[in-house]
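In: Got a predicted structure plus its sequence, pasted below:
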Amino acid sequence: MSIHRQLAEQLHQRLSAAQSGNAQSVARHRKRGKLLPRERIAVLLDDGSPFLELSPLAAYGVYDDDIPAAGIVCGIGLVHGRPVMVMANDATVKGGSYYPLTGKKHLRAQEVAEQNRLPCIYLVDSGGANLPMQDQIFPDKDHFGRIFFNQANMSAAGIAQIAVVLGSCTAGGAYLPAMADESVIVEGNGTIFLAGPPLVEAATGEQIDAQSLGGGRVHATLSGVVDHRAPDDQSALAKTRQILAYTNSRALRQPEAEPEANPQPRERVFEFLPESAKTPYDCREIIRWLVDGERFEEFKAEHGTTLVCAFAAIEGYRVGILGNNGVLHGDSARKAAHFVQLCEQRRIPLLFLQNITGFMVGSDAEHSGIARDGAKMVHAVSRASVPKLTLIVGGSYGAGNYGMCGRAFNPRLMFSWPNSRIAVMGGEQAANTLATVQQTAATAKGSPLSDAQMQAIRQPVIDQFETQADPYYATARLWDDGIIDPRDTRRVLAMALAACDLDPNPAPPGVYRM
């Protein structure tokens, strides 16, 4: 079995473990008559709807506790044939409480929804913030409170906000259904209150049970906090589908051309990917394998050859592709800037296939203005308003990550392959750089370091970078929107392109040659 098949198998094993959950917690959940989060999503979505789950391995290995998927399932699916963003708390994971990465994942899902004008469906079943980590989830700008800020602003922009209270909804979390455009609660399981019975008793001396304090009957008939009451999960989700039939959600974006199959088998990707990340290969192999009919129109094929720029289609959706074929030189950076502007002018989404060590360094590169040329590429990518999608198919290092639309440059969605690596530079380069700095300082003092001392400096740095450049380290911290099986790339990108909102009437700046 090739190394890439092994990596794909490992990915599926880890995804399966993240989705199976703790057996004891699942049993308790089912005893209450509740569906699991992914079951709820399946009931909500159209029969046969695809579901593009985002960051399914968030929080993987980050905390001492096991927090599968960061305790919340987020993704894009179809309701009445229209794309929606679903955010479903997983009460089998620490009662659905919010860890720092739970909040970060929830906010990322809202960001994707806002960028693409996707209605937000909140399937609420959470005890609120994880109190021992409150300093990392409560007070800062992009912490828990930002969820409600986003709700208010998306609602004002006409992006529907629908909440379904299927379990606990406590403390600050009570504002989520209270601020929704429309809300549903499940009788007997759903509760909404700013303070639960224990805190109420401690604060006021009043003794009251959860349902009497903030259950379905209370909020549907007395407080008016919710708009609909349902007897169980299935009924609540059916009511939500009815609500969505009357929202102003947009239709799924349609292909610009007739979708055409790619004759290459999905498994072919494992044949042309080299076993070693250090072995170069032609990124045209990926493009040809990925796009409709294996056809693409290359731009400036004989100029700036370390970057391939091409117009193509994926399942009928037009796309402008930038793929790395080596280090970025000044000519390839200028070519990229020109190509990005063309796609912006023509309203063609951009796809970045990252396998990049960075921009060229050295006196020749500096004297010819690599910083200026790289800045032109970064500027063009930053200003592009068309949907940008990024896929790390190999390495993503240094400023190459920036020029090729890394996380900081707001790609609508960003995915990685299991063989990917992401870091400021390679581990060996970092180790040699730090060792050289210390050797220079030691030599200036008249005590140069021995080979053994140099290796003692280098090895911990190599080990650190190897750990931190790993794709699971990255995806656990939401540096991407998920690791995908390379064989699923065409399907994932086609769904992403279909869900992306493309404003047809921007004010593009035109194209200027550089």
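Out: Thanks, I have it. Bear in mind the structure is a predicted one, so any value in this text is a computation, not a measurement.
In: C-alpha only now, for contacts and for neighbours.
Out: OK.
In: pLDDT score for Met1?
Out: With respect to pLDDT, Met1 has a value of 61.
In: hmm, I was thinking of Ala507
Out: Ala507 carries a pLDDT value of 56.
In: Begin at 57 from now on, thanks
Out: I'll keep to 57 as the first residue from here, and by that count the last item is Ala563.
In: what helix or strand is Phe326 on?
Out: Per DSSP states H and E, Phe326 falls inside helix 325-328.
In: In three-state terms, label the most far-flung residue of the chain relative to its centre for me.
Out: Relative to the average C-alpha location in the chain, and by CA atoms, centre = their mean, no residue lies farther out than Gly502, which sits at 51.1 Å. Local secondary structure at Gly502 is given as coil here, using DSSP: H, G, I helix; E, B strand; the rest coil.
In: Which pLDDT value belongs to it?
Out: 92.
In: for His85, same thing?
Out: For His85, pLDDT reads 92.
In: ok, it - how many residues close by?
Out: Residue crowding around His85 was assessed by other CA atoms under 10 Å; the count is 17.
In: In three-state terms, how would it be classified?
Out: Local secondary structure at His85 is given as helix here, using three-state DSSP.
In: which other residues reach stretch 274-292?
Out: 89-91, 96, 99, 220, 222, 233-234, 238-244, 248, 267-268, 272-273, 295 (CA atoms under 8 Å, 6 or more residues apart in numbering).
In: Narrow those to just the buried residues.
Out: Among the contacts of stretch 274-292, the ones that count as buried by 16 or more other CA atoms under 10 Å are 90-91, 96, 99, 220, 222, 233-234, 238-244, 248, 267, 272-273, 295.
In: Spatially central residue for this structure, please.
Out: Asp537 (2.0 Å).
In: Next, that one: phi, psi?
Out: Summarising the backbone geometry of Asp537 under the convention degrees, to the nearest 10, its torsions are phi -100, psi 10.
In: Kindly report the same for Met141.
Out: Phi and psi for Met141, reported as degrees, to the nearest 10, are phi -100, psi 120.
In: following the helix or strand hosting Lys160, which helix or strand shows up next?
Out: Element membership for Lys160 (DSSP H and E) is helix 156-172. On the C-terminal side of helix 156-172, the nearest following helix or strand under DSSP H and E is strand 176-182.
In: Okay, strands next: where are they in the stretch 157-306 of the chain?
Out: Secondary structure of the stretch 157-306 of the chain, counting by DSSP state E, counting those that start in this stretch: strands at 176-182, 217-225, 238-242, 284-286.
In: repeat for the stretch 407-556 of the chain
Out: Using DSSP E, counting those that start in this stretch, strands in the stretch 407-556 of the chain cover 444-453, 469-472, 477-479.
In: The longest one packs against which elements?
Out: In this case it means strand 444-453. When contacts are defined as 3 or more CA pairs under 8 Å, 6 or more residues apart in numbering; DSSP states H and E, strand 444-453 packs onto strand 406-412, strand 469-472, strand 477-479.
In: any idea of the mean pLDDT for it?
Out: Regarding strand 444-453, the rounded mean pLDDT is 97.
In: same question, the second one
Out: Per-residue confidence for strand 469-472 averages out to 98 on the pLDDT scale.
In: got the contact list for that strand?
Out: 168, 444-449, 463, 527, 536-540, 552.
In: Residue ranges in this protein under the pLDDT threshold?
Out: Scanning the chain for pLDDT under 70 picks out the ranges 57, 560-570.
In: Who does the closest residue to Leu409 other than its chain neighbours form a beta bridge with?
Out: In space, Leu409 comes closest to Gly379 once its chain neighbours are excluded; the distance is 4.7 Å by CA to CA, 6 or more residues apart in numbering. For Gly379, the beta-bridge assignment (DSSP bridges) gives partners Val364, Leu409.
In: so what's Gly379 up against?
Out: Under the criterion of CA under 8 Å, 6+ apart, the neighbours of Gly379 are 339-340, 363-365, 408-411.
In: With neighbour count and distance to Pro319 added, can I get those in TSV?
Out: Shown next, in TSV, are the contacts of Gly379 (neighbours: other CA atoms under 10 Å; distance: CA to CA, whole Å):
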residue	neighbour count	distance to Pro319
Cys339	23	18
Arg340	18	16
Leu363	24	25
Val364	26	22
Cys365	28	22
Phe408	23	23
Leu409	26	21
Gln410	27	24
Asn411	27	25
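In: can you tell me which two in these are farthest apart?
Out: Using CA to CA, the contacts of Gly379 span at most 13.9 Å, a distance reached by Cys365 and Asn411.
In: Surely Ser452 and Ala479 touch.
Out: Yes - using CA atoms under 8 Å, Ser452 is in contact with Ala479, at 6.6 Å.
In: in stretch 485-505, what counts as buried?
Out: Counting neighbours by 16+ other CA under 10 Å, one finds that the buried residues in stretch 485-505 are 486-488, 491-492, 494-495, 505.
In: Give me the contact list for it.
Out: Defining contact as CA under 8 Å, 6+ apart, one finds that stretch 485-505 is touched by 510, 513-515, 517-518.
In: again, only this time at 7 Å
Out: For stretch 485-505, contacts defined as CA atoms under 7 Å, 6 or more residues apart in numbering pick out 510, 513-514, 517-518.
In: do the same with stretch 59-71
Out: When contacts are defined by CA under 7 Å, 6+ apart, stretch 59-71 is touched by residues 112-113, 326, 331, 474-475, 541.
In: what's the answer for stretch 548-562, then?
Out: 139, 172-173, 308-310, 370-371, 373, 442-443.
In: Most neighbours out of these, which is it?
Out: The most neighbours of any of these, using other CA under 10 Å, belong to Pro139, which has 28 neighbours.
In: quick one: that one and Met210, what's the gap?
Out: Between Pro139 and Met210 the computed distance is 16 Å (CA to CA, to the nearest Å).
In: just Tyr302 next, same as before
Out: Distance of Tyr302 to Met210, given as CA to CA: 17 Å.
In: Comparing the two, which shows the higher neighbour count?
Out: Met210 (22 against 8).
In: which one is that one nearest to, not counting chain neighbours?
Out: Closest to Met210 by CA to CA, 6+ apart is Glu170, at 6.5 Å.
In: Could you report the neighbour count for the one you found?
Out: Counted with other CA under 10 Å, residues neighbouring Glu170 total 21.
In: cool, Cys556 as well?
Out: When counting by other CA under 10 Å, one arrives at 24 neighbours for Cys556.
In: same question, Met510
Out: The local packing of Met510 (other CA under 10 Å) involves 18 other residues.
In: which residues touch it?
Out: When contacts are taken as CA under 7 Å, 6+ apart, Met510 is in contact with Ala491.
In: Just the closest of the contacts of stretch 485-505 to Gln190, please.
Out: Within the set of the contacts of stretch 485-505, Val517 lies nearest Gln190; the separation is 32.2 Å, counting by CA to CA.
In: Identify the residues contacting Ser153.
Out: With contact taken as CA under 7 Å, 6+ apart, Ser153 is in contact with 182-186.
In: Spit out the contact partners of the closest residue to Leu250 other than its chain neighbours.
Out: Nearest residue to Leu250 in three dimensions, chain neighbours excluded: Ala227, at 3.9 Å (CA to CA, 6+ apart). With contact taken as CA under 7 Å, 6+ apart, Ala227 is in contact with 184, 249-251.
In: Narrow these to just the buried residues.
Out: When these are checked for burial by 16+ other CA under 10 Å, the buried set is 184, 249, 251.
In: want to try JSON lines for those residues, with distance to Ala393 as columns?
Out: Written out in JSON lines, the entries for the buried ones among the contacts of Ala227 read as follows (distance: CA to CA, whole Å):
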{"residue": "Gly184", "distance to Ala393": "45"}
{"residue": "Phe249", "distance to Ala393": "52"}
{"residue": "Ala251", "distance to Ala393": "54"}
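In: doesn't Tyr373 make contact with Ile404?
Out: No - shown here, Ile404 and Tyr373 do not form a contact pair, counting by CA atoms under 7 Å, at 9.0 Å.
In: do you know which of the helices and strands packed on strand 444-453 lies nearest Cys130?
Out: Taking CA to CA as the criterion, strand 469-472 is the member of the helices and strands packed on strand 444-453 that comes nearest to Cys130, at 13.1 Å.
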